[in-house]
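Novice: The following block contains a protein sequence and its predicted model.
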Amino acid sequence: AQKITQTQPGMFVQEKEAVTLDCTYDTSDPSYGLFWYKQPSSGEMIFLIYQGSYDQQNATEGRYSLNFQKARKSANLVISASQLGDSAMYFCAMSAVQGAQKLVFGQGTRLTINP
Amino acid sequence: NAGVTQTPKFRVLKTGQSMTLLCAQDMNHEYMYWYRQDPGMGLRLIHYSVGEGTTAKGEVPDGYNVSRLKKQNFLLGLESAAPSQTSVYFCASSSMPGPDYNEQFFGPGTRLTVL
């Protein structure tokens, strides 16, 4: 079984600062994928970034990067130069690579960016 | 290109009533999924489908039934609604697994309240 743990219920950051959202995972699958989604107050799920367990380099997408430490089973999201629009719920998720992409989500972290 | 659409957006039911949530995608995706999101929690997989005419149970399938008679549609049914089924329901779709990850596209969600 797969499990995602996000230990930060809420984070408060000043605008333009960098922020790290923590995510640890547990799985017995040899290959897996790790995802981060953003959920603003409007409710939609917005895909941010993906990391495959077999990828040697950390994934980056614009201001988002994923700090993947396989031995520690962690997949932290780093947002550089935070903006007011980054205020939202952030979910870490994982799935097996083969077959249907059955996502398992963590409980989320509510990020608030202060001006 | 509408992506993933869900009908209805909001619904209030009384305990014991039945209803069907409709999900439609226009991306010719093979895989479709139904998740639920309870307050303060991440999404949990209810049922999923790997192709027309197929369905399978996810993490929390009890009290729900699904059907995939057409490739573009995935229906979620509640035969006898209970207050514990009050939640936001998200539909998602993705293409067949490839050499890289396949982004899962989410619908806007349906907010269901069972009194």
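Specialist: Perfect, thanks for sending it. Keep in mind that this is a model prediction, so the values were computed, not measured.
Novice: For chain B, which residues are neighbours of chain A?
Specialist: B:31, B:33, B:35, B:40-45, B:48, B:50, B:56, B:58-59, B:88, B:90, B:92, B:94, B:97, B:100-104, B:106, B:108-109 (CB under 8 Å from any CB of the partner chain). Yep, even glycine has a C-beta here, placed from its N, CA and C like the rest.
Novice: Is there a quick PyMOL command that grabs whichever of those are buried?
Specialist: The PyMOL command for the buried members of the residues of chain B next to chain A (criterion: 16 or more other CB atoms under 10 Å in any protein chain shown) is given here:
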select buried, chain B and resi 31+33+35+42+43+44+45+48+58+88+90+92+94+97+101+102+104+106+108+109
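Novice: and residue B:47, what does it touch?
Specialist: Contact analysis of residue B:47 by CB atoms under 8 Å, 6 or more residues apart in numbering or on different chains lists B:33, B:34, B:55, B:56, B:57, B:58, B:61, B:64, B:66, B:76.
Novice: Quickly find the element holding it.
Specialist: Using DSSP states H and E, the element containing residue B:47 is strand B:43-49.
Novice: Which positions within stretch A:84-100 qualify as buried?
Specialist: For stretch A:84-100, by 16+ other CB under 10 Å, it's A:86-97, A:100.
Novice: what about chain A, any weak spots by pLDDT?
Specialist: Within chain A, no range satisfies pLDDT under 70.
Novice: Wait, residue A:102 touches residue B:58, no?
Specialist: Yes. Residue A:102 is within contact range of residue B:58, at 6.4 Å (criterion: CB atoms under 8 Å).
Novice: who touches both of the two?
Specialist: What both residue A:102 and residue B:58 touch, as defined by CB under 8 Å, 6+ apart, is the set B:33, B:45, B:48.
Novice: can I assume the second one is in contact with residue B:31?
Specialist: No. When contacts are counted by CB under 8 Å, residue B:45 is not listed as touching residue B:31 (11.8 Å).
Novice: Out of the residues of chain B next to chain A, which sit inside helices?
Specialist: Residues of these located in helices (DSSP state H): none.
Novice: Mark which of the residues of chain B next to chain A are part of strands, please.
Specialist: B:31, B:33, B:35, B:43-45, B:48, B:56, B:88, B:90, B:92, B:94, B:106 (DSSP state E).
Novice: Using CSV, lay out these together with pLDDT.
Specialist: Below are those laid out as CSV (pLDDT from 0 to 100):
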residue, pLDDT
B:31, 94
B:33, 97
B:35, 98
B:43, 96
B:44, 97
B:45, 97
B:48, 97
B:56, 96
B:88, 98
B:90, 98
B:92, 96
B:94, 91
B:106, 96
